[in-house]
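Enquirer: pasting a predicted model and its sequence here:
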Amino acid sequence: MRVRYFFLGVVLALFAAASPSLAQEKSIVVASTTSTQDSGLFGFILPKFKAKTGIDVRVIAQGTGQALDTGRRGDADVVFVHAKSQEEKFVADGFGVKRFPVMYNDFILIGPKSDPAKIEGKDILAGLKGLAEKGSSFVSRGDKSGTHAAELALWKAAGVDPAATKPGWYREIGQGMGAALNTAGAMSAYVLSDRGTWISFKNKGDLKIVIEGDQRLFNQYGIILVNPEKHQNVKKEPGQAFIDWLVSGEGQDAIRSYKIEGQQLFFPNAGQG
């Protein structure tokens, strides 16, 4: 009897020693944008992924630039962001294995309901030029996020460079999308937002969509496994399992079915973007 208990104790001790590593293997870290987190998308799709695979996903919500830096340091297994040129460079530089397009939505220009600059319409470049000419208050995230990168590219296309000239009407806050929208509301200012965050934003106050529908406002999201050859701690198999699920029919259906008050926030397009 004592021998039986002894061996049982050994088995239990071995299981206890192994269980932390087993649990660790069943979890991954995803560095992603504030828009995928703040919009509620992860809260909707991650339970479905865990139910399918048993894998827990811990999200680090950052601007795209910061998320890619997190991947470069090897502090995440997967990056899920929205700045295609930066994503392609991340892979070309050897930090990522392969970029997979996942979904898209669009950017929109938000402003006061009274639209003091009188720029409402569908032409984002004309709208930005109008803001600059009239000196209307504009809030920039200023945080190297995908939205910030898109904003800077749009200003450049409009022939204006407020990030360099620092006019009094242009305010950089170095924070995420929710904070930028709150600041714009408090200042009665304009701000570029992704549509998903705007739909889920609860403190709209006196703000409304001023410009939407311009093809230049297209917003593509991509996902990349951090290169395990660069960082041996990267969990290749569960990380790739998450990517494979997102681009599968089941994952794409989960993204498609996420809505707030009947409005779809993201549109799946695996293999296209």
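Expert: Arrived safely, thanks for sending.
Enquirer: next, give phi and psi for the residue positioned nearest the centre of the chain.
Expert: For the chain, Thr33 is the residue whose C-alpha lies nearest the centre (Cα atoms, centre = their mean; 2.4 Å). The phi/psi pair for Thr33 (degrees, to the nearest 10) reads phi -80, psi 160.
Enquirer: residues touching it, list them.
Expert: By Cβ atoms under 8 Å, 6 or more residues apart in numbering, Thr33 lies in contact with Ala61, Gln62, Gly63, Thr64, Ala67, Phe80, Val81, His82, Ser145, Gly146, Tyr221. For the C-beta atoms, the positions are set from N, CA and C on the backbone; glycine is no exception.
Enquirer: go on, Ile119?
Expert: Leu109, Gly111, Ala126, Gly127, Gly130, Leu131, Val210, Ile211.
Enquirer: sorry, back to before: ok, and the most crowded of the contacts of Thr33?
Expert: Tallying neighbours with other Cβ atoms under 10 Å puts Tyr221 at the head of the contacts of Thr33, with 32 neighbours.
Enquirer: which stretches of the stretch 101-250 of the chain form helices?
Expert: All helices of the stretch 101-250 of the chain, identified by DSSP state H, counting those that start in this stretch, fall at 124-134, 146-157, 162-165, 177-187, 195-200, 236-247, 249-257.
Enquirer: gap between Lys202 and Gly63?
Expert: Using Cβ to Cβ, to the nearest Å, one obtains 21 Å as the distance from Lys202 to Gly63.
Enquirer: cool, and Thr34?
Expert: For Thr34, the distance to Gly63 - Cβ to Cβ - is 7 Å.
Enquirer: hang on, the earlier thing: and the contacts of Thr33 as CSV, adding pLDDT, secondary structure and distance to Gly178?
Expert: Below are the contacts of Thr33 laid out as CSV (pLDDT from 0 to 100; DSSP: H, G, I helix; E, B strand; the rest coil; distance: Cβ to Cβ, whole Å):
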residue, pLDDT, secondary structure, distance to Gly178
Ala61, 94, strand, 10
Gln62, 92, strand, 13
Gly63, 91, coil, 12
Thr64, 94, helix, 16
Ala67, 96, helix, 16
Phe80, 98, strand, 18
Val81, 97, strand, 17
His82, 95, coil, 16
Ser145, 92, coil, 12
Gly146, 93, helix, 15
Tyr221, 97, strand, 18
